[in-house]
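> For reference, the sequence and a predicted model appear below.
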Amino acid sequence: MPTPHPTPPDAEALYARLLHLVRGTLSPHAEPPLLVGIYSGGAWLAQRLHADLQLAQPFGVVSSTFHRDDFATRGLHPSANRTALPVPIADRAVLLIDDVLHTGRTTRAAINELFDFGRPARVDLAVLVDRGGRELPFCAQLTAATLTLPDDVLLALMRDEDAAEGIRFRFDLVRKSASQP
Amino acid sequence: MNGNQLLIRGGRLVDPLHGLDAMADVAIVGERIVAVGRAPAGFVPDHILDASGMLVLPGLIDLCARLGEPGYEHEGMLDTELHAALVGGVTRVVCSPDTDPVLDEPSLVEMLRWRARRIKSARVYPLGALTKGLQGERLSEMAELTRASCIGLSQADTPIADTKVLYSAMQYASTFGYKVWLRAKDAALSRGGIAASGAYAQRLGLAGVPVIAETVALHTVFELMRATGCAVHISKLSSSQGVELVRQAKAEGLPLTCDVSINNLLLTDLDIGYFDPRARLDPPLRQGRDRDALRAALADGTIDALCSDHTPVSSDDKTRTFADAAPGATGLELLLPAVLQFAAASGLPLAHALGCVGHRAARAAGLPPASLAAGEAAELIVVDTQARWRATPEALYSQSRHTPLAEHDLQGRVRHTVIDGRVVWSDSATTASA
Amino acid sequence: MTRAHNPQLNAHGELRHLLTPEGLPRDVLLHILDTAQGFVSFGSREVKKVPLLRGKSVFNLFFENSTRTRTTFEIAAQRLSADVFNLDIQRSSTSKGESLLDTIANLEAMDADIFVVRHADSGAPFLIAQHTPPHVHVVNAGDGRHAHPTQGLLDMYTIRHFKGDFSNLTVAIVGDIVHSRVARSAIHALTTLGVPEVRAVGPKTLVPGDLRDMGVRVCHDMAEGLRDADVVMMLRLQNERMSGALLPSAHEFNMTYGLSPERLALAKPDAIVMHPGPINRGVEIDSAVADGPRSVILDQVRFGIAVRMAVLSIVASVEH
C-alpha cells in the first residue's frame, strides 16, 4: 500500500517563526552572534534574517563541500560554492543556519569548515525544519518546526523572487529516485 | 631406393617463377619433385597431404631476419626462430650480420651455418659484415666471408658515417663482384630520431627521423654506385620520396635492388597510438602517403622483395618508454599473411604478386629461385588462405612475441612445410593421412 | 589508430588519470577549472587544509629534476591532507638499472594511490598508467616534450581569470615550441576550449611547419605573431638550445624574438603576458615586461597550486 505523498510545510510561516525565535535571543546589552548560513538553503535564510534583523555586521556563508564524508563516492562538486566569512570568527559567537536538519552530516561538515577559519567562542544551530533521522549527535538550539518524513523523500527549500512580493520561500517534496544517494 | 614418396593432392599450385596457377597434384620422391599435375605411373605415396581448398606454393624467401645467433645461444634462439620460420612458411632466411659478435669473421659464419644445418630446418643464408664490427672504419675480409658462404656484405641498420670509407668498401666489393646491402639511412640526419618526422610525431613530442635521412643517403649511395660500379641492395625502404629515387636509379640502369618490410607495407605512424613501444621500429613507420607509394612500388617491381625484418626483442626491452624501447618486431610468422594481403589488395595475379617472396627476392639476393617444377628440390608450403588469426604473443612460436600488427586481422596460415621432400612442419589443426 | 579509447577516462567518462589535455572533452577541462576556483581562496583560510585526500598516498616520481613543480604538487597534496612521498629517482634504484616498471611495482607494494610523474621520455606516464592496478591514478607532471597538462590547465585558468571567456581570443605562443611540452599542452587545451586563433611564433628551427596540424597558425615573424594578441605566452629557452645547431646565441634570439616593451605594444593594450617560469631575463623576455603591469606570471604560480589541488581531488574521487 503506497504511502500518500505528504504536503510540504509552509515555508513562509516557518520562516516567520524562526525569525521570531532568533529575535528572541538577541539582547541589547550583548553583541549579537554572527549569522552564518550553510549553502544553499541556509545561506538564503541567513541573508533574509540578516536583512530583517537589521544586523550591523555582515552575514557569512559556509560550504560543507570540502569536509563532506561522501567524497569518495560522490566526488567533488565543482560549483563548490565558496565559504565566505567577511568577519573573523575567532572568539565570536556564531549562529549557524540551515534549512533542514536531518542526519547531521552536513552540520558536522559545515562546522569542520568553519573551524578551518578560526576558533569561535561558541556555535549554535538554527533550522527551519528538524526532520529527525539523526546519524550523528547534533541538535538545533532554535527549531521552527519538527516533523517526520519518509526516508525516500527529500525536503528542499526553494526561493522565488517576485518583483511585487520580494523573496518568498517554499518547500518542495521530492521522491528520491533509486539512483540518488 | 626410395622410402619417402609424398603426394600433395588437390591443391591450387601457384609457382611465381613460371607464372603457373593451376589445380595440380605434386608427386615427390625422396628430396625431389618428380611430377606436377599427374603422378607418374607406379607412384604409390607413403604419405598424402590433402591440400584441397588450399594453395601450394614454393617456400617463401625472407631477405631480412635476425635469428639471434651468435648472441642468444643460451635461449636456444636459433632453434626456435628457425622453427618459427617453418611455421611461417619461410624456407630460406637471409640473416643480418648484426649479431653478437658481429658476423665479420669467417669462423663465426661457418659456425652459424653448421649449427643451422644440424637443426635441419629452413636454409640460412648469412650476410657478412661490410666493415669490421659494423663500425664503419675498417673493411672486413669480404673474400673470406664470401668463401664461408656469405651471399653478400651488409651494414645491417648501422650506416657508415664516413663517406670515404663507404666509397672504399664499395670499390673493394665491386672488385670481386660482391653485392653490398645497405640501409638508406644517413647517420647524422637519423641520429636521435625515434619516430618518423611528421604531424603525428610532432603531436606526441617524439624526436623525428626526417625523410631526408633516407633520400640524402640514397643520393649518396647512387653516386657511389656510379663511381664504383658496385651492385647494391637497399634494405627496408620507407618513404615515397625514396621510392621515386629508386625508380629513377633503376631506369638509369644502376645495378640496384631493394626490399620493404611488412611493417612499412601495412602500417603508418598513426599506429604508434598512445606511444605503443611495439611500433618502435627502424626504419620508423611513415605516413599513409608513403605506405601507398611502397605498395605501388612493390606491385610494379620497383621494390623487388618483401621482407619480415624479424627481430627478437624481449618483453623487458619492449615494456619501456617509446624512446627507451628496443626497436624491432617479430615477423617470420607474419610474412605470409602480409604478402597475401598485399596480393589481394594489389589486384595483381597471385602468381605475380608472390614473386616478391619468391623468385624476385631470390634474384635480388643472388640465390637460385625456389620452384615447383619437376626435377626441382621439393621445397614448398601448403597454405590455408581462409584461416583467420591474430598475432598475439600466445599464437606465436617465435621467442620474439611483439608486433604492432597484433591487433590486425590476419588471413593465411601455413598447414604444412616441406623441405627436401620431408614434411618439417604440420599445423596440428590438420593431420596428414597415410 | 588501433586504440580508440582515451586511457585517461574510465568507462563513465570520468578522469582517472591526467596524462595530457589532448583528447579530453571540453567539459572535463572546464570541470577542472571550476573545481580549481573553489581552491583558489585557500590562502585566506586559517587552516589551509581539507581532508579530501586524507589517508591517500601521493608519490612524487620525478625522474627529471624540478624543484618548483614538485613543490607545488607537494603543497597541493598536503593541503588536501594526503601523505606525500618524494622519490628522488636519481639517487634511487633506477640509477642502478632498475627498470621504470619495476620501480613502479615496488611503490605500489607500498600502497600508493596517486603517482605524480615527471620523466624525460615522451609517453612515460602512459606506460605507467597501463601497468598500474585500477585504483592507482597517474598525474603527468611533464613527459619529455609531449605534455605538461597541469601547466596547460593553470595557463587556461589564468587566461579565464583575466579574460573571461575563450571564444574571442587570439593567443600567441612564442619560443622553442618544438621542444616544449608546455606549448603542446597549451595548444591542445586552447583549441579544445574554443580559442579561435592560436599562433606559434619563432624561428623555423624551433617552430616547424608541421605544427600546423595541431591547429595553430605558424608565424616566423614576431611582429605578425604578436599583432593584436590578447595573450602572449613566452616559453623558456633552454640553455642547451642557446648556442648550437638550432640557434646561434641567446643574444640573437633576444634580438629577433625577445619580448620587449616595444614588441608587446603590438599586442592589444590589455594583453596579458604569461610565462611558465623560470624566466631567462633578457633572453626570451625583458625585465621591464616580466615585472610590468601586464605580466601575470606570479598569478600563474598561485593558480598552479589550486589547479593541482583540483586535479588530485578529481582523479582521487573516481570510483572503479
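Here it is on my side, so go on. What you see is a predicted model, and the numbers here were worked out from it, not measured in a lab. Residues are numbered from 1 along each chain as shown, chains lettered A, B, ... in the order given.
> what are the bridge partners for the nearest residue to B:Arg9 once chain neighbours are set aside, then?
Nearest residue to B:Arg9, sequence neighbours excluded (CB to CB, 6 or more residues apart in numbering or on different chains): B:Asp25, at 5.0 Å. C-beta: built from backbone N, CA, C; applies to glycine. B:Asp25 has these beta-bridge partners by DSSP bridges: B:Gly37.
> any idea of the pLDDT on B:Asp25?
B:Asp25 is assigned a pLDDT of 95 by the prediction.
> From chain C, how far off is A:Asp130?
For A:Asp130, the distance to chain C (CB to the nearest CB, to the nearest Å) stands at 27 Å.
> wouldn't that residue be in contact with A:Leu101 here?
Yes. Contact status for A:Asp130 versus A:Leu101: in contact at 4.7 Å, counting by CB atoms under 8 Å.
> re earlier: how near is the residue nearest to B:Arg9 to chain A?
Here the criterion is CB to the nearest CB. By it, B:Asp25 lies 69 Å from chain A.
> which secondary element of chain B has the worst mean pLDDT?
In chain B, no helix or strand scores lower on mean pLDDT, DSSP states H and E than helix B:315-318, which sits at a mean of 91.
> Any buried residues in it, and which?
By 16 or more other CB atoms under 10 Å in any protein chain shown, the buried positions in helix B:315-318 come out as B:317-318.
> the bottom helix or strand of chain C by mean pLDDT?
Lowest mean among helices/strands of chain C [mean pLDDT, DSSP H and E]: helix C:239-242, a mean of 74.
> Tell me how far that one lies from the chain's centre.
What separates the centre of helix C:239-242 from the centre of its chain is 21 Å, taken as CA atoms, centre = their mean, to the nearest Å.
> Ok, stretch B:358-373 next?
13 Å.
> what about that stretch, how long is it end to end?
One end of stretch B:358-373 sits 14 Å from the other (CA to CA, to the nearest Å).
> That one - what's its average pLDDT?
If you average the pLDDT over stretch B:358-373, you get 94.
> longest helix in the chain, by residue count?
As the question left the chain open, I've gone with chain A. When chain A is parsed with DSSP state H, its longest helix is helix A:11-25.
> meant chain B, my bad for not saying
When chain B is parsed with DSSP H, its longest helix is helix B:212-228.
> helices and strands around that one, which ones?
helix B:163-175, strand B:179-183, helix B:187-190, strand B:231-235, helix B:240-252 (3 or more CB pairs under 8 Å, 6 or more residues apart in numbering or on different chains; DSSP states H and E).
> Quick check: which of those is nearest to chain A?
When these are compared by CB to the nearest CB, helix B:187-190 sits nearest chain A, at 47.8 Å.
> and that closest one with chain C, contact?
No. Remark: helix B:187-190 sits outside contact range of chain C, by CB under 8 Å from any CB of the partner chain, the gap being at least 10.4 Å.
> In a markdown table, list the helices and strands packed on helix B:212-228 along with distance to C:Asp83.
Formatted as a markdown table, the helices and strands packed on helix B:212-228 follow (distance: least, CB to CB, whole Å):
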| stretch | distance to C:Asp83 |
| --- | --- |
| helix B:163-175 | 59 |
| strand B:179-183 | 52 |
| helix B:187-190 | 46 |
| strand B:231-235 | 54 |
| helix B:240-252 | 55 |
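> Looking at the ones you listed, which is nearest to B:Ala391?
B:Ala391 lies closest to strand B:231-235 among the helices and strands packed on helix B:212-228, at 22.4 Å (CB to CB).
> Might you list the low-confidence residue ranges for the chain?
Just so you know, I chose chain A. Scanning chain A for pLDDT under 70 picks out A:1-5, A:78-81, A:177-181.
> please go with chain C instead
C:1-4, C:90-97, C:242-243, C:319-320.
> Grab the longest helix from it for me.
Chain C, longest helix under DSSP H: helix C:297-316.
> Identify the residues contacting the least confident helix or strand of chain B?
The contact list for helix B:315-318 (CB atoms under 8 Å, 6 or more residues apart in numbering or on different chains) reads B:277-278, B:280, B:325-326, B:401-402, C:99.
> for stretch A:7-15, same thing?
Contacts of stretch A:7-15 (CB under 8 Å, 6+ apart): A:45, A:48, A:128-129, A:144-145, A:147, A:155, A:157-158, A:168-173.
> Tell me which of those residues fall in strands.
A:128-129, A:144-145, A:155, A:157-158, A:168-173 (DSSP state E).
> Give the buried subset of those as a ChimeraX selection command.
Buried subset of the ones in strands among the contacts of stretch A:7-15, written as a ChimeraX selection, criterion 16+ other CB under 10 Å:
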select /A:128,129,144,145,155,157,169,171
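> Intersect the ones in strands among the contacts of stretch A:7-15 with the contacts of chain B.
Applying CB under 8 Å from any CB to the ones in strands among the contacts of stretch A:7-15, none is adjacent to chain B.
> With distance to C:Leu190 added, can I get the ones in strands among the contacts of stretch A:7-15 in a markdown table?
Putting these into a markdown table (distance: CB to CB, whole Å) gives the following:
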| residue | distance to C:Leu190 |
| --- | --- |
| A:Leu128 | 47 |
| A:Val129 | 48 |
| A:Ala144 | 51 |
| A:Ala145 | 53 |
| A:Leu155 | 45 |
| A:Leu157 | 41 |
| A:Met158 | 39 |
| A:Arg168 | 45 |
| A:Phe169 | 44 |
| A:Arg170 | 44 |
| A:Phe171 | 45 |
| A:Asp172 | 42 |
| A:Leu173 | 46 |
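> counting contacts, what elements does the helix or strand harbouring C:Ser185 pack onto?
Using DSSP states H and E, C:Ser185 falls within helix C:181-192. The contact analysis (3+ CB pairs under 8 Å, 6+ apart) places helix C:181-192 against helix C:26-40, helix C:149-163, strand C:170-174, strand C:197-201.
> I'd like the distance between B:Pro159 and B:Gly133.
14 Å (CB to CB, to the nearest Å).
> Could you check which of the two is surrounded by more residues?
More neighbours surround B:Pro159 than the other of B:Pro159 and B:Gly133, with 23 against 14 (other CB atoms under 10 Å in any protein chain shown).
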